[in-house]
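> Using only what follows, build the 3D model:
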Amino acid sequence: MLTLGKSLNRSYNLRIPFLNGYYDVNIFFNKKSTFLLFGISPDFKDDNRTQYGVKINMFKNIQSSKFSETFLTTHNYKGSKLDIVNQFESIKPEYESHINFLFNESINLSKVDIEGKTFYDTLLIYGLTLEAYLNEFIFIIAEKQNIIQRLNKKIVRTTAIQIANSNSIGLLNDFYEENKLNKNIIPNLEIEE
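Numbers count the residues shown, from 1 in each chain. Below is the predicted model:
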């Protein structure tokens, strides 16, 4: 049994279909901080996960993932009352036909009143997949919005977990390489005579 201690005192559970079974994904957190941790438990009738080359990766910084770098737009902001790092904003328009939303959940954890305004400590969870591999790839983004009442400040941090088999990882790598190549291409300028 997993013992979390004082730093993580809440969890949110998801059951995600994958290949011929399920993954139980737990998101562990503390109401009073932005720290998040994932726990994964497989639930398969026959354990063929190794046959399909299933790999699980966690990204504390979602920008370090090929999926995020290729397909997602993120937002950063630092001010006196707001501190946002890599907040999921949208799917890049050129990839909208290749990415599907599986779920988008919002859990308000607590209500905070500051200077007559109401704010919420919130946990946001997004599930995304590759259109070509609906049951073989999932990218789960967990965003924790934490209000620090003493400082009148909102902190937003985002982390992610990727569960994928070797076929879907191959497609992801192809998109990633194409994206890098397209960034490096300098458009040809036509010169009129």
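> In terms of helix, strand or coil, where does the closest residue to Lys144 other than its chain neighbours fall?
Nearest residue to Lys144 in three dimensions, chain neighbours excluded: Thr34, at 4.4 Å (C-beta to C-beta, 6 or more residues apart in numbering). All C-beta atoms are positioned from the backbone trio N, CA, C, and that covers glycine. Per DSSP: H, G, I helix; E, B strand; the rest coil, the secondary structure class of Thr34 is coil.
> Surely Thr34 is in contact with Arg157?
Yes: using C-beta atoms under 8 Å, Thr34 makes contact with Arg157 at a distance of 3.9 Å.
> need the helices for this protein, in chain order.
66-71, 166-184 (DSSP state H).
> strands paired with the longest strand anywhere in the chain, and their directions?
Counting residues, the longest strand found in the chain (DSSP state E) is strand 99-114. With DSSP bridges as the test, strand 99-114 is paired with strand 117-130 (antiparallel).
> in the partner strand, what's buried?
Neighbour-count burial for strand 117-130 flags Asp121, Thr122, Leu123, Leu124, Ile125, Tyr126, Gly127, Leu128, Thr129, Leu130 (criterion: 16 or more other C-beta atoms under 10 Å).
> Likewise for stretch 145-161?
Gln145, Asn146, Ile147, Ile148, Lys154, Ile155, Val156, Arg157, Thr158, Thr159, Ala160, Ile161.
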